[in-house]
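1. show me how the following folds:
(chains A and B)
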Amino acid sequence: MSVQVIFLVFFGAAAVWFGIVVFRTHSMVRSALALLFSQTAIGAMFLVMQAEFLGVLQIMMMATEMSVMAIFMVMFMMDPGGMGAMDMTHQKRLSLWAGGIGLVAAVLLVWLPDWGPIALAVPSAQQQAEDLGRELLGRSMFIFQSAALTILTAMVAATMVAIVPNAEQRK
Amino acid sequence: MILELMIALTIGAGLFAVGLYGALSQTNLVMIIMGVELILAAALVNLVAFWRYLHPDEPAGQMFVLIIMAVMAVEMAVGFAIAISRFRSRGSVEMEEARELKG
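-> Residues are numbered from 1 along each chain as shown, chains lettered A, B, ... in the order given. Sure thing, here's the model as predicted:
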């Protein structure tokens, strides 16, 4: 078994385990931190798969995103520390069945088909960054700009939705 | 090398299943957003695995990862905006108390 397989299994198992912890703990702050660890483990998986730029981007982006999420958790939750051990779930049986069926279907789709020839070598990190830059500013320019415009629209829309005055302020 | 691809895709399947369970079972809007984030993270793992083990010379594979990351950021921004709006008007982001949104 190669070193890559060992690290892939380790970080992958960590990502799935922390993903499960997100919905098992009663403390919302712990949930946000578990999601941060899960996303960081995914970033480490990218590094193992030799996608250096994407791995570092994933870790940096998710660290910021989950910190913001932890702040929102404390703001909005009735019991952010989880001291009351409140049950905040519903339709548990349906969700478990949906998750289980989704898992079995996805695993079958992964293991049954023939994936064809596997590539052994990847371009160097420098070459990858250069190729990605040329792709984004060349052939995929329209898609890249559409994503940028979507983010800008979402930022404006999110601000407008968040600052709309409530009924008391309108009086 | 085929084993590495299978492992990465199986981990993606596991993340998708956990995220689907979370998105369906949680009553709090922020927790539902966390479930959707896990589902999108599963898509990221699959895309990087496909790029690495099937088409490493094709940078479009990495470009798709950036698009999914943008979708994650947009989903979180809009989700939190709705949460703020809901909290300001109703004082709660519990989805059990949002039955009037049902069509």
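2. helix or strand right after the host helix or strand of A:Leu103?
-> For A:Leu103, the host element (DSSP states H and E) is helix A:92-111. Next helix or strand after helix A:92-111 toward the C-terminus (DSSP H and E): helix A:125-136.
3. return the distance of that following helix from the chain's centre.
-> The chain centroid and the centroid of helix A:125-136 are separated by 23 Å, computed with CA atoms, centre = their mean, to the nearest Å.
4. the helix or strand following that helix and chain B in contact?
-> Proceeding N to C from helix A:125-136, the next assigned helix or strand is helix A:141-163, under DSSP H and E. Yes: between helix A:141-163 and chain B, judged by CB under 8 Å from any CB of the partner chain, the touching residues are A:143-144, A:147-148, A:150-151, A:154-155, A:157-159, A:161-162. C-beta here means a position set from N, CA and C on the backbone, and glycine is covered the same way.
5. identify, from these, the entry nearest to B:Met95.
-> A:Val161 (17.1 Å; CB to CB).
6. can you pull the contacts of the closest one?
-> Contacts here follow CB atoms under 8 Å, 6 or more residues apart in numbering or on different chains; on that basis A:Val161 touches B:78, B:81-82, B:84-85.
7. could you report the distance from the most centrally placed residue in chain A to B:Glu4?
-> For chain A, A:Gln39 is the residue whose C-alpha lies nearest the centre (CA atoms, centre = their mean; 5.4 Å). For A:Gln39, the distance to B:Glu4 equals 21 Å [CB to CB, to the nearest Å].
8. and the lengthiest helix in chain A, which residues are buried?
-> Residue-count comparison of every helix in chain A, with assignments taken from DSSP state H, identifies helix A:52-76 as the longest. With burial defined by 16 or more other CB atoms under 10 Å in any protein chain shown, the residues of helix A:52-76 counted as buried are A:52-55, A:57-59, A:62, A:65-66, A:69-70, A:72-73, A:76.
9. check those residues against chain B, which are close?
-> Taking CB under 8 Å from any CB as the test, chain B is in contact with A:53-54, A:57-58, A:65, A:69, A:72-73, A:76 out of the buried residues of helix A:52-76.
10. and the longest helix along chain B, anywhere near chain A?
-> Ranked by residue count under DSSP H, the longest helix found in chain B is helix B:60-90. Yes: Helix B:60-90 is in contact with chain A by CB under 8 Å from any CB, via B:60, B:62-63, B:65-67, B:69-70, B:72-74, B:76-78, B:80-85, B:87-89.
11. could I get the average pLDDT for that helix?
-> Averaged over helix B:60-90, pLDDT sits at 88.
12. turn the contacts of A:Val161 into CSV, including neighbour count.
-> CSV is the format used below for the contacts of A:Val161 (neighbours: other CB atoms under 10 Å in any protein chain shown):
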residue, neighbour count
B:Val78, 17
B:Ala81, 20
B:Ile82, 16
B:Ile84, 20
B:Ser85, 18
